[in-house]
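Q: just coords:
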């Protein structure tokens, strides 16, 4: 039996409401999700694990609970997927690496605990590059993941499996993680919504250190409303994460979908990126739609250079060396060669230059803060190019462009250096037939403002096309 595509592409919030109204069966919804995964995964390779028997058992239990009546969890029966770096109790979590091929965590991550407690049903785990290190999703263990808009293209990374799963209708939303754009890049390249929440908004307790300031869990979703729904049930402090944010978001009112009275700063290149002209055209169309919807638009010039990205890369190397460097003696020949170079680069860095990166981050904030003091958010493209070939790697696409500009896939990593600012990617158009994302970077901890602006863009843009796969 083939999947019902109309059901595949319904939003999570709509599915939850129909289930609660007993107009849809949780079993029907989960079965349809599993059929869609079976249909597209051979071409896309977006799932490394599919929990068919367990998901169907959970769906039957949800249906029994629905028939009993009484108070119901808000996401009862809604399918969800988690990235294969996020610990899931009793289920393999491989990090895309042969070194962790048989790793079975003894507990769920807090983000998994919360969303399953809210009633969501996990249908499987999505692919990631090894240790979630790249903007392409390919790994020695699971191979190449592909974009549902064009399987010859990459879905981005490192949450590329989640992006492709949502864009192809396998699940209405999925979890991702973001240290340099790993949620926003696949969201932009796959034509879905992706949110890096403000730092600590969703506990990130899964690292050996709880003092990291770059990592975030967040949603990839079919709509801004679904991203907000995910955040609503995943966010909030937890004592298990020393760095979790104790401030609670106010969900007492419906998410606003207008920009009247808002002032939005705009930078098409952040001062140093080489941006594809077709991406610029789609981005400018999105900005104009927000202007017509009532926002005041202010073009801004940023004094930034590629040093921001270079220093972010240094932090990335140190991160990899600190947490995975111990694997080299035994596993070096079976790791992605790019990972080995990154780890070796981390070992070569000295402590004082790494500490001085905090000065660069502070200077970045000192230049961004006056803009956000007078503007509610900064807008820029999420990615500088449409989805590149799935057969390329980061080594092929990052570097010097003609004219001295920086050639890259993403324009996201600078905003992990000011991680307290939420950053949202929303589809704004097409470039050469491939999706383009507009990135909304809001004031510190103003997650609801970022979502409001994204929802307003959706309203102004109208329905976004489905991936053709």
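A: Arrived safely. Since the structure is predicted, the reported quantities are computational estimates derived from the model, not experimental observations.
Q: for the spatially closest residue to residue 268 that is not a sequence neighbour, which three-state class applies?
A: Computed as Cβ to Cβ, 6 or more residues apart in numbering, the closest residue to residue 268 that is not its neighbour in sequence is residue 280, at 5.7 Å. Just so you know, the C-beta spots here come from the backbone N, C-alpha and C atoms, and that holds for glycine as well. What DSSP: H, G, I helix; E, B strand; the rest coil gives for residue 280 is helix.
Q: ok, residue 280 touching residue 381?
A: Yes: with contact defined as Cβ atoms under 8 Å, residue 280 reaches residue 381; the gap is 7.2 Å.
Q: now for those two: what residues contact both?
A: residue 268 (Cβ atoms under 8 Å, 6 or more residues apart in numbering).
Q: pLDDT value on residue 171, please?
A: If you check residue 171, the pLDDT there is 99.
Q: is it in a helix, a strand, or coil?
A: Classified using three-state DSSP, residue 171 is coil.
Q: would you confirm that it contacts residue 165?
A: Yes: with contacts counted by Cβ under 8 Å, residue 171 reaches residue 165, the gap being 5.4 Å.
Q: neighbour count winner among those two?
A: Neighbour count, other Cβ atoms under 10 Å: between residue 171 and residue 165, residue 165 has more, with 38 against 30.
Q: which positions in the helix or strand harbouring that one come out as buried?
A: Assigned by DSSP states H and E, residue 165 falls within helix 160-167. For helix 160-167, the neighbour count (16 or more other Cβ atoms under 10 Å) marks 160-167 as buried.
Q: and which of these is nearest to residue 415?
A: Among the buried residues of helix 160-167, residue 163 lies closest to residue 415 (Cβ to Cβ), at 18.1 Å.
Q: got the contact list for the closest residue to that closest one other than its chain neighbours?
A: Nearest residue to residue 163, sequence neighbours excluded (Cβ to Cβ, 6+ apart): residue 186, at 2.9 Å. Residues in contact with residue 186 (Cβ under 8 Å, 6+ apart) are 137, 155-157, 159-160, 162-164, 176, 192, 194, 220.
Q: next helix or strand past the helix or strand hosting residue 186?
A: For residue 186, the element it lies in under DSSP H and E is helix 184-190. As assigned by DSSP H and E, the chain's next helix or strand after helix 184-190 is strand 193-196.
Q: packing partners for the following helix or strand past that next one?
A: Sequence-wise, the next helix or strand downstream of strand 193-196 (DSSP H and E) is strand 216-221. Packing partners of strand 216-221 (3 or more Cβ pairs under 8 Å, 6 or more residues apart in numbering; DSSP states H and E): helix 160-167, strand 173-178, helix 184-190, strand 193-196, helix 224-234.
Q: residues touching residue 278, list them.
A: 386, 431-432, 436.
Q: if we can go back for a sec, which neighbours do residue 171 and residue 165 share?
A: Contacts common to residue 171 and residue 165, judged by Cβ under 8 Å, 6+ apart, are residue 81.
Q: so which residue is smack in the middle of this protein?
A: The chain has residue 183 as the residue nearest its centroid, 1.7 Å off, counting by Cα atoms, centre = their mean.
Q: do you know how far that residue is from residue 135?
A: Distance, residue 183 to residue 135, using Cβ to Cβ, to the nearest Å: 12 Å.
Q: equivalent analysis for residue 227, please.
A: Counting by Cβ to Cβ, the gap from residue 227 to residue 135 is 21 Å.
Q: need the three-state assignment for residue 48.
A: Secondary structure, three-state DSSP: residue 48 is strand.
Q: ok, residue 24 touching residue 18?
A: Yes: between residue 24 and residue 18 a contact is recorded at 4.1 Å, counting by Cβ under 8 Å.
Q: and these two? Which one has more around it.
A: With neighbours defined as other Cβ under 10 Å, residue 24 and residue 18 compare such that residue 24 has more, 20 against 16.
Q: can you show me the helices along the stretch 201-350 of the chain?
A: 224-234, 277-292, 307-324, 328-331, 337-348 (DSSP state H, counting those that start in this stretch).
Q: okay, those helices in CSV with distance to residue 128 next?
A: Formatted as CSV, the helices of the stretch 201-350 of the chain follow (distance: least, Cβ to Cβ, whole Å):
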stretch, distance to residue 128
helix 224-234, 18
helix 277-292, 25
helix 307-324, 14
helix 328-331, 17
helix 337-348, 12
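Q: which residues touch residue 436?
A: Counting by Cβ under 8 Å, 6+ apart, the residues that residue 436 touches are 188, 278-279, 282-283, 381-383, 386, 427-430.
Q: could you rerun that using 6 Å?
A: Each residue near residue 436 by Cβ atoms under 6 Å, 6 or more residues apart in numbering is listed here: 279, 282, 428-429.
Q: filter these to the buried ones?
A: 279, 282, 428-429.
Q: which residues touch stretch 37-45?
A: Counting by Cβ under 6 Å, 6+ apart, 47, 50, 143, 145-146, 148, 151, 164, 168, 170 sit against stretch 37-45.
Q: most surrounded residue in those?
A: Neighbour tally across the contacts of stretch 37-45 (other Cβ under 10 Å): the maximum, 37 neighbours, falls on residue 164.
Q: that residue contacts residue 153, correct?
A: No: judged on Cβ atoms under 6 Å, residue 164 makes no contact with residue 153 at a distance of 10.4 Å.
Q: how far away is residue 407 from residue 399?
A: To residue 399, residue 407 is 5 Å away according to Cβ to Cβ.
Q: when those two are compared, which one has more neighbours?
A: More crowded of residue 407 and residue 399, by other Cβ under 10 Å: residue 407, with 15 against 11.
Q: surely the more buried one touches residue 396?
A: No: using Cβ under 6 Å, residue 407 makes no contact with residue 396, being 10.2 Å away.
Q: any idea how far the longest helix along the chain is from the chain center?
A: The residue-count maximum for a helix in the chain (DSSP state H) belongs to helix 351-374. Relative to the centre of its chain, helix 351-374 is centred 24 Å away, using Cα atoms, centre = their mean, to the nearest Å.
Q: cool, and stretch 72-92?
A: In terms of Cα atoms, centre = their mean, the gap separating the centre of stretch 72-92 from the centre of its chain is 16 Å.
Q: endpoints of that stretch, how far apart?
A: End-to-end distance for stretch 72-92: 29 Å, by Cα to Cα, to the nearest Å.
Q: mind listing what's buried along it?
A: Those would be 72-73, 75-88, 91, for stretch 72-92 by 16+ other Cβ under 10 Å.
Q: with stretch 3-22 instead?
A: Residues of stretch 3-22 classed as buried by neighbour count (16+ other Cβ under 10 Å): 3-4, 7-16, 18-20.
Q: so residue 227 and residue 135 - more neighbours on which side?
A: Between residue 227 and residue 135, residue 227 has the larger neighbour count (other Cβ under 10 Å), namely 32 against 28.
Q: I'd guessed that one sits against residue 233; true?
A: No: contact criterion Cβ under 6 Å: residue 227 and residue 233 do not qualify, at 11.6 Å.
Q: picking up where we left off before, would you mind stating the distance between the residue nearest to residue 163 and residue 299?
A: Residue 186 sits 28 Å away from residue 299, taking Cβ to Cβ as the criterion.
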